[in-house]
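K.L.:
Only the shape, not the letters, is given here:
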């Protein structure tokens, strides 16, 4: 999954707009590699993919919130 796809999914599913640059920095700070994101995001099971996207959006939202304070 590419960052722009993750950005689109966050907007569509959670109503959250995050720039690609912010996604990159946040995922890097959380020590996610390109490989780990791709492996998890490419789950064939739709339920697991939905859980993955929900967990990522919560993690990113928390990271954004803590960086603002």
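P.N.:
That came through, no problem. Since we're looking at a predicted model, the values are computed, not measured. Residues are numbered from 1 along each chain as shown.
K.L.:
Low-confidence ranges, the protein, go.
P.N.:
Within the chain, the segments meeting pLDDT under 70 span 34-45, 68-69.
K.L.:
what does the top helix by length along the chain rub up against?
P.N.:
The residue-count maximum for a helix in the chain (DSSP state H) belongs to helix 46-68. Helix 46-68 has contacts (C-beta atoms under 8 Å, 6 or more residues apart in numbering) with 6, 9-10, 13-14, 16, 18, 22-23, 26-27, 29-30, 40-41, 43. C-beta here means a position set from N, CA and C on the backbone, and glycine is covered the same way.
K.L.:
List the ones among those that fall in helices.
P.N.:
Residues of the contacts of helix 46-68 located in helices (DSSP H): 6, 9-10, 13-14, 22-23, 26-27, 29, 40-41.
K.L.:
Just flag the most distant two among those.
P.N.:
Greatest spacing in those, by C-beta to C-beta: 13 and 29 (22.2 Å).
K.L.:
about what we covered before: give me the buried subset of the ones in helices among the contacts of helix 46-68.
P.N.:
Neighbour-count burial (16 or more other C-beta atoms under 10 Å) applied to the ones in helices among the contacts of helix 46-68 gives 6, 9-10, 14, 22-23, 26-27, 40-41.
K.L.:
can you redo those as CSV with distance to residue 56?
P.N.:
Converted to CSV, those look like this (distance: C-beta to C-beta, whole Å):
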residue, distance to residue 56
6, 7
9, 8
10, 8
14, 9
22, 13
23, 9
26, 10
27, 9
40, 9
41, 8
